[in-house]
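J.: pasting the structure only:
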């Protein structure tokens, strides 16, 4: 699948008093440097969405209704592409490039702070799961993931999955479960409203062969 990007992150000067926020993206395969908490949270939403196959932070400026905005993300889904702009109380720091981004044919989606707030539990849960996935990259055998996917053809709690498959350290089993969720092969709807725990149920998406 083509994951090539039409843009590169726009270089920014860190605003006075702002924290430098860094994260590693599995989908981008590299480290991200961001300066606003809201952008970190929007990145988590994109990172956790199985429909997102590629993205680029700070892809460039767009002009709309006489105003110039720095898009926060360019996003490629399976069936479309879009630009995401966050509107919150914090302003972007000055950018080192004034080049306008060609966005003809792209949907420009404005995300309000209330939308991110509504996903707070989902974001918090993924902030716990992503470090596990990053730390175990390349260590989870595909056979383990496939076996777990078959096991959760009907809903099972994380506790029962670990009991079924753990022979020592449960980290790889958890990573396999979270990896299946990240890939969209299993789902756990309650993670949108409840904190991740050993009682969280996971179930395969669709028929498992």
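T.: Cool, the structure landed. Just so it is clear, the structure is predicted and the values come from calculations on it, not from any experiment.
J.: who does the longest strand seen in the chain touch, helix- and strand-wise?
T.: As assigned by DSSP state E, the longest strand anywhere in the chain is strand 52-64. The contact analysis (3 or more C-beta pairs under 8 Å, 6 or more residues apart in numbering; DSSP states H and E) places strand 52-64 against helix 37-48, strand 67-77, strand 81-87. In short, each C-beta sits where N, CA and C put it, glycine included.
J.: Using JSON lines, please lay out those together with distance to residue 153 and mean pLDDT.
T.: Rendered in JSON lines, the data for the helices and strands packed on strand 52-64 read as follows (distance: least, C-beta to C-beta, whole Å; pLDDT from 0 to 100):
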{"stretch": "helix 37-48", "distance to residue 153": "23", "mean pLDDT": "95"}
{"stretch": "strand 67-77", "distance to residue 153": "27", "mean pLDDT": "87"}
{"stretch": "strand 81-87", "distance to residue 153": "34", "mean pLDDT": "89"}
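J.: Can you say which of those is nearest to residue 146?
T.: Nearest of the helices and strands packed on strand 52-64 to residue 146, taken as C-beta to C-beta: helix 37-48 at 21.6 Å.
J.: ok, back up a step: the longest strand of the chain: which residues count as buried?
T.: Across strand 52-64, burial judged by 16 or more other C-beta atoms under 10 Å covers 52, 54, 55, 56, 57, 58, 59, 60, 61, 62.
J.: Perfect, I'm done here.
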